[in-house]
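Visitor: Kindly generate the corresponding structure for this input.
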Amino acid sequence: MTEQVPDAPGTPRGAAEKAVLRAALRDSMILVAALAVLGSLVGLLVAGVAGLWGGLIGAAIAAFFCGTTVWSMLYTVGKGATTMGAVVMGTWLGKMVVLVAVLLVLTRFDFYDRVVLFVVLLLGAVGSALLDYRAVQNGRVPYVEPGAEA
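Guide: Numbers count the residues shown, from 1 in each chain. Next up, the predicted model:
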């Protein structure tokens with residue numbers, strides 16, 4: 001069994017990690033909302049109603065991916081590394097299955113613009129990764145146990 005590093009005295013276990021992940025989730029959902037509005041508006045201007053649908057579908061897929069990633073990390077705060085790895089990997093595999101299924105279903109239809117969907121989804125993936133990086137970079141998570149001997 002792996003030993004876990006306690007948080008600073010007086011703080012609940014995992015509070016720093018949860019704060020970082022909540023910030024990442026909040027920022028990702030703001031990004032997805034902005035992508036839904038701007039992506040669908042630009043899509044509407046560029047490709048008509050099909051572009052509007054492409055932007056909305058791309059933002060919905062991006063929201064699903066961003067949300068499930070951060071949720072899986074929040075769920076495993078305070079649990080062992082094996083549990084975290086299993087949940088995160090299982091979530092990732094599940095997302096891939098859902099993505100393939102959604103894309104297979106969508107290929108049968110032509111009511112949306114594929115280019116707008118791809119661009120919005122790409123912006124969501126890259127933007128979410130950058131926001132997650134920023135949340136971790138700005139997070140105040142202790143690296144060592146206070147008072148621990150080397």
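Visitor: When you work out contacts or count neighbours from here on, use the C-alpha atoms and nothing else.
Guide: OK.
Visitor: how many neighbours does Leu93 have?
Guide: Applying other C-alpha atoms under 10 Å, we find 12 residues neighbouring Leu93.
Visitor: And it, how far from Glu17?
Guide: Distance from Leu93 to Glu17, counting by C-alpha to C-alpha, to the nearest Å: 24 Å.
Visitor: Then Leu106?
Guide: Counting by C-alpha to C-alpha - Leu106 and Glu17 are separated by 37 Å.
Visitor: Which residue ranges of the protein form helices?
Guide: Applying DSSP state H to the chain gives helices spanning 15-47, 49-75, 81-106, 114-138.
Visitor: Now do the contacts for the residue most central in space within the chain.
Guide: Centroid check for the chain by C-alpha atoms, centre = their mean gives Cys66 as the closest residue, at 2.0 Å. For Cys66, the contact set (C-alpha atoms under 8 Å, 6 or more residues apart in numbering) comprises 25, 28-29, 125, 128.
Visitor: go with 10 Å
Guide: Counting by C-alpha atoms under 10 Å, 6 or more residues apart in numbering, Cys66 touches 24-25, 28-29, 31-32, 60, 124-125, 127-129, 132.
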